[in-house]
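Have a look; sequence and predicted model below, questions after that.
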Amino acid sequence: METWILTENETLSGNLHDALAHSGIVCPEERILDLASLPEWKDVLKQAQGVLFVVVQRFGKDHCNLVRYLRNVVERDTTIAIASASTDDMAVVQAVRVGANDFLALNEWLTDEVVSFLGRLRESQRQDGDEGTVVTVIPCQSASDASLTTLNLSGVFSMLEGSCMVCDMHFRGSDLALRLKLDHRHNVVDLLTQADVIDEGMLRQVLVEHASGISLLPGPDLFADLAGIQMPLCRDVVALARSCWPIVTVNTESVYQARQVGVLGMSDVVVLAIRLDIASVHRAKQAITMLLESNVPRASIHIVAVGAGIAGELPANSVKKILQVDNFHCVPEDQEAVVKSTNIGNPLVFEQPNCKTAKAFRACAESLLGIEAPAKTSTLPLSGLRAASFLAISALMLCS
């Protein structure tokens, strides 16, 4: 998203810049302009697209002429958002009349203000009939890998899009609510056993909200009675969710179960969470075969190698050739950070955003959304590469 900041207060604009960065929106320094030098920036602002934030200490009636001027200068589709530490209510009304699109309060809840603003912006840009993106996550090693991947990708989706709905369809011991430390009275089974048509109101009653912006539809307990589940309703739930959220992440227990509940045909992206070992790669190859048989385009399949960077593992390039996929992402091992974030109940991308695992999940999520990320080189020791190369030959023989 292209962003511009026109400011009269460097401290306030710095706070806004940091809050935007926390939500995954980077405003380059060259797009932060001094309001006092506005006439000099006229030609530059004519090219401004996306969102233009006007940062002032107190927005009053005098600033309405500024909004009117900016509306005549910037592109027609550019969103003008006023960010102010205090406001005059009548001035706000007048500003809307002359062209302002939104307001943000520059206070201690600025981060939440930005998240809410991005959600409103996403909804306003969505055309009638548009649907959200469905990302389905499938484990090829363990359910824990899929849970870790689901929550961290969804956390980044929430930062980038303002909100994200997570549907936990792991029917045999789901743990997403536990990992987020969210108490809940209902779960997905309550919807899948409904005799009535599921509507948005019913769906939202079952959801639990996390501070990260994730709306979670919890899965059932390990020993829950699943006898009354109507599998066709799984598709109805996902279809309803994608009409209400910009991104829906579906957590599943296997590729076979994902096909059984009918979400593969609805998925824009399918993520296979693997480990760089022979057994996991073998299962991934079988999963890809089933995905292709289910008419999932190969280009829609993304491999996420969790816990990468361990000496003796299979080389990522060899695994990529074995699986014949272009979308391959390595998430390096940082067990201490992962365990800490899990026990705290906060996705790693929020709890320790600067650790290598969180950065890798962020790059992966951006790639899924089509955001370009710089390529990274491997830091695996030479001895590890030699050992892994030997194992890769075995994997090729086993998986071919």
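Cool, the structure landed. Residues are numbered from 1 along each chain as shown.

Remind me which helix or strand the residue positioned nearest the centre of the chain belongs to.
Nearest to the mean C-alpha position of the chain, by CA atoms, centre = their mean, lies Phe157 at 1.3 Å. Element membership for Phe157 (DSSP states H and E) is helix 143-161.

any idea which helix or strand comes after that helix?
Beyond helix 143-161 toward the C-terminal end (DSSP H and E), the next one is strand 164-168.

Tell me the gap between whatever helix or strand comes next after that next one and the middle of its chain.
Counting by DSSP H and E, the next helix or strand C-terminal to strand 164-168 is helix 176-179. Distance of helix 176-179 from its chain centroid, counting by CA atoms, centre = their mean, to the nearest Å, is 17 Å.

now do stretch 234-245
17 Å.

any idea of the pLDDT on the closest residue in space to Ala81 that isn't next to it in sequence?
In space, and not counting its chain neighbours, Ala81 is closest to Asp102: 4.4 Å by CB to CB, 6 or more residues apart in numbering. (Glycine included, C-beta is placed from N, CA and C.) pLDDT recorded at Asp102 is 87.

Quick one: residues contacting Asp102.
For Asp102, the contact set (CB atoms under 8 Å, 6 or more residues apart in numbering) comprises Thr79, Ile80, Ala81, Ile82, Phe117, Arg120, Leu121.

Which ones among these lie within strands?
Among these, the members falling in strands (DSSP state E) are Thr79, Ile80, Ala81, Ile82.

of those residues, closest to Ile371?
Thr79 (19.3 Å; CB to CB).

how close does that closest one sit to Asn15?
Per CB to CB, to the nearest Å, Thr79 is found 20 Å from Asn15.

ok, now Met231?
49 Å.

higher neighbour count, those two?
For the pair Met231 and Asn15, the greater number of neighbours falls to Asn15 (19 against 10), based on other CB atoms under 10 Å.

Can you verify my assumption that that one contacts Ala105?
No - Asn15 is beyond contact range of Ala105, at 11.3 Å (criterion: CB atoms under 8 Å).

Name the strands paired with the host helix or strand of Ile5 and say parallel or antiparallel.
Taking DSSP H and E as the criterion, Ile5 maps to strand 3-7. Strand partners for strand 3-7, identified by DSSP bridges, are recorded as strand 32-34 (parallel), strand 51-59 (parallel).

Which of the ones you listed sits closest to Glu161?
Here strand 51-59 is closest among the strands paired with strand 3-7 (CB to CB), at 14.0 Å.

residues in contact with the closest one?
1-9, 12-13, 16, 35, 45, 63, 66-67, 70, 74, 78-88, 91-92, 95, 100, 103-104, 106, 121.

what mean pLDDT does stretch 159-170 have?
91.

And it, end to end?
Taking CA to CA, to the nearest Å, the first and last residues of stretch 159-170 lie 24 Å apart.

what distance separates that stretch from the centre of its chain?
7 Å.

what about the residue nearest to Ala85 when sequence neighbours are not counted, how many residues close to it?
Of all residues not flanking Ala85 in the chain, Leu106 sits nearest, at 4.5 Å (CB to CB, 6+ apart). Leu106 has 23 neighbours, counted by other CB under 10 Å.

My understanding was that Leu106 contacts Ser13; is that so?
No - using CB under 8 Å, Leu106 makes no contact with Ser13, being 9.3 Å away.

picking up where we left off before, list buried residues within the contacts of strand 51-59.
1, 3-9, 12-13, 16, 35, 45, 63, 66-67, 70, 74, 78-85, 87-88, 91-92, 95, 100, 103-104, 106, 121 (16 or more other CB atoms under 10 Å).

Tell me where the stretch 151-300 of the chain has strands.
164-168, 208-209, 214-217, 247-251, 269-274 (DSSP state E, counting those that start in this stretch).
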